[in-house]
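Q: got a predicted structure plus its sequence, pasted below:
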Amino acid sequence: MANEMDNKVEFELVAPEKILLAEPVEMVVVPGEDGDFGVLAGHSHLISNIRPGVIHIFADAEVQTRIFVAGGFAEVTPERCVVLAEDAIAVEDIDVSAVESEIGDLNDDLQDATDDDARIVVEAKLKIAHAKVQASELQLYQ
């Protein structure tokens, strides 16, 4: 009889402050830099940059948890998937009105930017803020 763990992959989500999640999961879908990728037990070795987006964690063939990540990278082996995130928040905890206010402020900052370096920093923050709003509205993989 096959062990239930044979069908699971150990998933770890690590933010700068702490380990946010460490548990066996059926499948996890990660927002890779070149597109979303799903990880099941036995996955090939992979290292990928992570774009701002949502990690979907599956149990019983359904999404059980959705976590927004601001970026980072993932390492996948046949037994585990580790995501080192720049920042992470449960999708249901995103305050859309606060993020939309932040977008307005960042747009002002972008217009006030006096050099390319300042502009690049503000554009990166804008990209993350827009991805948060999209994450709160979009229900992929349901």
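A: That came through fine. Residues are numbered from 1 along each chain as shown.

Q: quick one: the helices in the protein?
A: Using DSSP state H, the helices of the chain run over 96-112, 116-137.

Q: so which of those helices gets nearest residue 13?
A: helix 116-137 (15.1 Å; CB to CB). C-beta coordinates here come from the backbone N, C-alpha and C atoms, glycine included.

Q: what residues of the closest one count as buried?
A: The neighbour-count check on helix 116-137 (16 or more other CB atoms under 10 Å) flags 122, 125, 126, 128, 129, 131, 132, 135, 136 as buried.

Q: that one vs helix 96-112, what angle?
A: 160 degrees (axes from the mean of the first three to the mean of the last three CA atoms, to 10 degrees).

Q: next up, the contacts around the nearest residue to residue 43 once chain neighbours are set aside.
A: Spatial nearest neighbour of residue 43, chain neighbours left out: residue 76 (5.2 Å); criterion: CB to CB, 6 or more residues apart in numbering. For residue 76, the contacting residues are 39, 43, 44, 45, 46, 47, 48, 82, by CB atoms under 8 Å, 6 or more residues apart in numbering.

Q: if we use 7 Å, what do you get?
A: 39, 43, 45, 46 (CB atoms under 7 Å, 6 or more residues apart in numbering).

Q: same thing with residue 32?
A: Contacts of residue 32 (CB under 7 Å, 6+ apart): 48, 50.

Q: repeat that with 10 Å
A: By CB atoms under 10 Å, 6 or more residues apart in numbering, the contact set of residue 32 is 46, 48, 49, 50, 51, 53, 73, 74, 76.
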